[in-house]
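Participant: generate coordinates for the sequence data below:
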Amino acid sequence: MRFYNVSLLLLGSSIAPTNAFAPQGRTTNTPIRTSPIYATKPQNENTVVDTLEAVDATIKGAISGMALAAALWAAPATMAGPMTSHFPSASGNGVIASSVASAKEMASGSGTRVNKDPESLLRYGLPINNKEVRQLQKSVEDIRINIQSKRKSAALDDLKKARGFINSKESKMTASCRDAKVCSDILASMKDKMVPLEETMKASADYMSGSDQERDALDKSYKTQDLIQKELTTLQEQMIPAGYETPVPDDYADLPQLKGRATVEMTLQKPDGEMYNIEGTLFKEAKMKMIIDGYTAPVTGGNFIELVGKGFYDNMDIQRSDGFVVQTGDPKGEAVGYVGTPSKSVGAGKNGERLIPLETFVKGDKGPFYETNIEDEGRGGEATVLPFSSYGAMGWAREEYDSNSGSSQFFWLLFDSDLTPAGKNVLDGRYPVFGYVVEGADFLRDAKEGDVIVSAKVTQGAENLVLPK
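Facilitator: The predicted structure is shown next:
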């Protein structure tokens, strides 16, 4: 599937996208290759740069920064820069961790700040209803933000808030758990880890800024905070009601569905033995870990997990990498998707591809709606449960004007908040986010067309996949 023909209409500080991602085919009438956000291919890159400079000069002092960010969407893919690297630069196992930023409970459909942290977004996407644990989440996640920016006093203040919140609100949090004792134990463990976290944070404040000692103390603080965050996720998962399933219409009972979450680990290699270069560090292969969310996208997530389990993506090439997205899923042959038994309600593609419906879950709804996008529903601007606001957000590709044309092709979005302004994201509600890369997202910076997925495996949550009877 190929992304093309996204029109942007700028009027004051507003932006009106008309359409977006479409399937990649191998027919003679396939449109020319373009970036996902301009309608026609520019004459040359310099023309676009000159145009952007002129637009910038025109709108300064007259049109808001939002319009400028929207205008930048029209640049060719080569102009999209990489994400600012996180702190620290790599995890201990040699896998680059995902970039993160402010963790506020907002999708890209509202507000002016963007939550880029995939694990935070996944936590906010859990089907739970406990305001106390959401407040604890904010304090815990703010610790990380302040460690990364070396705001040590602020991090210690957030740590104090988190500890005090556990002490005063534990009973209200455990009341929402399936097993209160399990949650009490998790909270106790979180508090225990806050002791060494406080020690390393205070130690970092005693060292000269930029020194190796400061860096070491901050590294230790970051790793300890990460352990606390993971326990926070486990705590919140305990709050999901027993037997909870996202409601899906019976029309799609003949498609695979993911009843919960699953983890996929994927390894990429370059065909010529070239190394992946991530900020000067070389890697023989790219390893990524992805969380696939069946709470928000049960049909899309189920389709993907089933195909991974079948080995469908093994030895498949990366078929697009242009600075905006990295895309794959188009098998060799005439078919542009997975050929299999079609759903009675959605049908098959012209080459026998099993198709799945567009799946959209808006915040505040009880479940996703299907076969139509957020604009068609008259709900443009509303926030989706999982937004396209994280580097490596995973979306399902489809035909430009056909909501039910997705099959097996998907993309990783190379998100940049300067190019995807909060409240004006052209993808939310038009394509489903069905997961995020939570480890190794930085490898997407150097993923090129022709790189090979040598392995894709479901490592956790395979039991949550429900196949048609």
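Participant: look up how far residue 317 lies from residue 270.
Facilitator: Remark: distance between residue 270 and residue 317 (C-beta to C-beta, to the nearest Å) = 11 Å. Quick note: C-beta positions are derived from backbone N, CA and C, even for glycine.
Participant: hey, what's in contact with both of those two?
Facilitator: The contact sets of residue 270 and residue 317 overlap at 450-452 (C-beta atoms under 8 Å, 6 or more residues apart in numbering).
Participant: quick one, strands of the stretch 351-469 of the chain?
Facilitator: 359-360, 369-370, 393-396, 410-413, 433-439, 452-460, 465-466 (DSSP state E, counting those that start in this stretch).
Participant: would you turn those strands into TSV with mean neighbour count, distance to residue 280 and mean pLDDT?
Facilitator: As requested, the strands of the stretch 351-469 of the chain are exported to TSV (neighbours: other C-beta atoms under 10 Å; distance: least, C-beta to C-beta, whole Å; pLDDT from 0 to 100):
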stretch	mean neighbour count	distance to residue 280	mean pLDDT
strand 359-360	27	40	98
strand 369-370	19	46	98
strand 393-396	28	26	98
strand 410-413	25	22	98
strand 433-439	26	20	98
strand 452-460	17	24	98
strand 465-466	21	40	98
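Participant: what's the closest of the shared contacts of residue 270 and residue 317 to residue 407?
Facilitator: Of all the shared contacts of residue 270 and residue 317, residue 452 has the smallest distance to residue 407: 20.7 Å, by C-beta to C-beta.
Participant: could you pull up the residues touching that closest one?
Facilitator: 268-271, 315-318.
Participant: same thing but 10 Å
Facilitator: Neighbouring residues of residue 452 by C-beta atoms under 10 Å, 6 or more residues apart in numbering: 267-271, 285, 314-318, 328.
Participant: and residue 192, what are its phi and psi?
Facilitator: In terms of degrees, to the nearest 10, the main-chain angles of residue 192 are phi -60, psi -40.
Participant: that one: how many residues sit nearby?
Facilitator: Residues within reach of residue 192, counting by other C-beta atoms under 10 Å, total 11.
Participant: chain neighbours aside, what residue packs nearest to the spatially most central residue of the chain?
Facilitator: Against the mean C-alpha coordinate of the chain, by C-alpha atoms, centre = their mean, the closest residue is residue 393 at 2.4 Å. Leaving aside its sequence neighbours, residue 393 sits nearest to residue 413 (C-beta to C-beta, 6 or more residues apart in numbering; 4.6 Å).
Participant: my guess is that neighbour contacts residue 444. True?
Facilitator: Yes - taking C-beta atoms under 10 Å as the definition, residue 413 is a contact partner of residue 444 at 9.2 Å.
Participant: can you flag the buried ones in the contacts of residue 452?
Facilitator: When the contacts of residue 452 are checked for burial by 16 or more other C-beta atoms under 10 Å, the buried set is 267-270, 316-318, 328.
Participant: among these, which are in strands?
Facilitator: By the criterion of DSSP state E, membership of the buried ones among the contacts of residue 452 in strands covers 267-269, 316-317, 328.
Participant: give me the below-cutoff pLDDT ranges for the stretch 101-250 of the chain.
Facilitator: Low-confidence segments of the stretch 101-250 of the chain, defined by pLDDT under 70: 101-112.
Participant: what of the stretch 351-469 of the chain?
Facilitator: Ranges of the stretch 351-469 of the chain meeting pLDDT under 70: 417-424.
Participant: make JSON lines from the contacts of residue 452 and add distance to residue 388 to it.
Facilitator: As requested, the contacts of residue 452 are exported to JSON lines (distance: C-beta to C-beta, whole Å):
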{"residue": "267", "distance to residue 388": "25"}
{"residue": "268", "distance to residue 388": "22"}
{"residue": "269", "distance to residue 388": "27"}
{"residue": "270", "distance to residue 388": "27"}
{"residue": "271", "distance to residue 388": "29"}
{"residue": "285", "distance to residue 388": "27"}
{"residue": "314", "distance to residue 388": "27"}
{"residue": "315", "distance to residue 388": "28"}
{"residue": "316", "distance to residue 388": "23"}
{"residue": "317", "distance to residue 388": "24"}
{"residue": "318", "distance to residue 388": "19"}
{"residue": "328", "distance to residue 388": "18"}
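Participant: now do the contacts for the most far-flung residue of the chain relative to its centre.
Facilitator: Seen from the C-alpha centroid of the chain, the residue lying at the greatest distance (C-alpha atoms, centre = their mean) is residue 206, 36.8 Å away. For residue 206, the contact set (C-beta under 10 Å, 6+ apart) comprises 152, 213-214, 217.
Participant: correct me if wrong: the residue nearest to the centre of the chain contacts residue 411.
Facilitator: Yes - at 9.0 Å, residue 393 and residue 411 qualify as touching, with contact defined as C-beta under 10 Å.
Participant: got any residues that touch both of those two?
Facilitator: By C-beta under 10 Å, 6+ apart, residue 393 and residue 411 have these common neighbours: 325, 427, 431.
Participant: which one of the residues you listed is nearest residue 135?
Facilitator: Residue 135 lies nearest to residue 427 out of those, by C-beta to C-beta, at 29.6 Å.
Participant: gap between the closest one and residue 113?
Facilitator: For residue 427 relative to residue 113 (C-beta to C-beta), the value is 18 Å.
Participant: compare these two (neighbour count), which wins?
Facilitator: Neighbour count, other C-beta under 10 Å: between residue 427 and residue 113, residue 427 has more, with 27 against 12.
Participant: wait, doesn't the more buried one sit right on residue 398?
Facilitator: No - counting by C-beta under 10 Å, residue 427 stays clear of residue 398, with 11.8 Å between them.
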